[in-house]
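> Could you look at this predicted model? Sequence included:
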Amino acid sequence: MNKLLKDAASIAAVSSALAFAVACARSPAETQQEAVEDQQAAVKDYEETRREATQEANEAQREANQEAAEAQNEANKEIAEARKEVAEEGAEANKEINEASRTAQADIAKARAEMREWTNEKLGDIDAEIDKARAEAVKATAPEQQKFSAIMKDVTARREEVREDVATLDQRTAAEWEQFKTRVEQRIEALSDRVDDAREVL
């Protein structure tokens, strides 16, 4: 806009100078006509300059708009790619978690089955020993039978504890498995020792 004003001022100054220079040699009518023509030429030059400036401004605005649109499109593309990457990573993480969970469930199921089999086998052996001890107790003296009966009450209580543990075996989680397994093993060992104690008094 400053350029337009400067151009218009320059044109007006030149027109005034020319008009003054020829005014003395021309008639008033000619001078007036010359002034009108100079003014029209000055206006035409001003309009042309303003039109060019407007075109340049419009072109600059179009370029700026295009650059902004391209930048937005690039940003949208990067955002979409980032979201896709996050979704893929999340899906992969979920897959790994599910696989780990299935493996853990399979492992604990196997451990339960093995524990049940081992416990039943041990209890079967202990029950056989108990039956033998009771058969021997029939031939024992009254004092021996009294001691035997006292120990067998403890054996029966310990046997019930083990039975209760085995009944809850399927409810045990992986987090508490080792502690549960150790307790059952210790109780079975203590039960077996008490059966031996009962037989030793006969």
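Perfect, thanks for sending it. Numbers count the residues shown, from 1 in each chain.
> Just want the most central residue of this protein.
Using CA atoms, centre = their mean, the residue of the chain that lies closest to the mean C-alpha position is residue 90, 5.5 Å off.
> Need the per-residue pLDDT for that one.
Predicted confidence (pLDDT) for residue 90: 87.
> Equivalent analysis for the one 5 residues further on, please.
At residue 95, the pLDDT value in this model is 89.
> Relative to residue 102, how far out is it?
11 Å (CB to CB, to the nearest Å). (C-beta placed from N, C-alpha, C; glycine too.)
> what packs against the longest helix anywhere in the chain?
Determined from DSSP state H, the single longest helix within the chain is helix 28-137. Applying 3 or more CB pairs under 8 Å, 6 or more residues apart in numbering; DSSP states H and E, we find helix 28-137 packed against helix 2-23, helix 142-167, helix 174-200.
> now for these, which one comes closest to residue 126?
For residue 126, the closest of the helices and strands packed on helix 28-137 is helix 174-200, at 5.6 Å, according to CB to CB.
> so where's the protein uncertain?
Across the chain, the ranges flagged by pLDDT under 70 are 1-26.
> Domains in it, by residue range?
Structural domains annotated on the chain: 2-92, 108-200, as defined by automatic domain parsing.
> now, of the ones you listed, which is deepest in the fold?
With neighbours taken as mean count of other CB atoms under 10 Å, the domains of the chain reach their highest mean count in domain 108-200, at a mean of 14.
> Contact partners for residue 187?
With contacts defined as CB atoms under 8 Å, 6 or more residues apart in numbering, the neighbours of residue 187 are 158, 161, 162, 165.
> From those residues, pick the one nearest residue 55.
Of all the contacts of residue 187, residue 55 sits closest to residue 165, with 93.0 Å by CB to CB.
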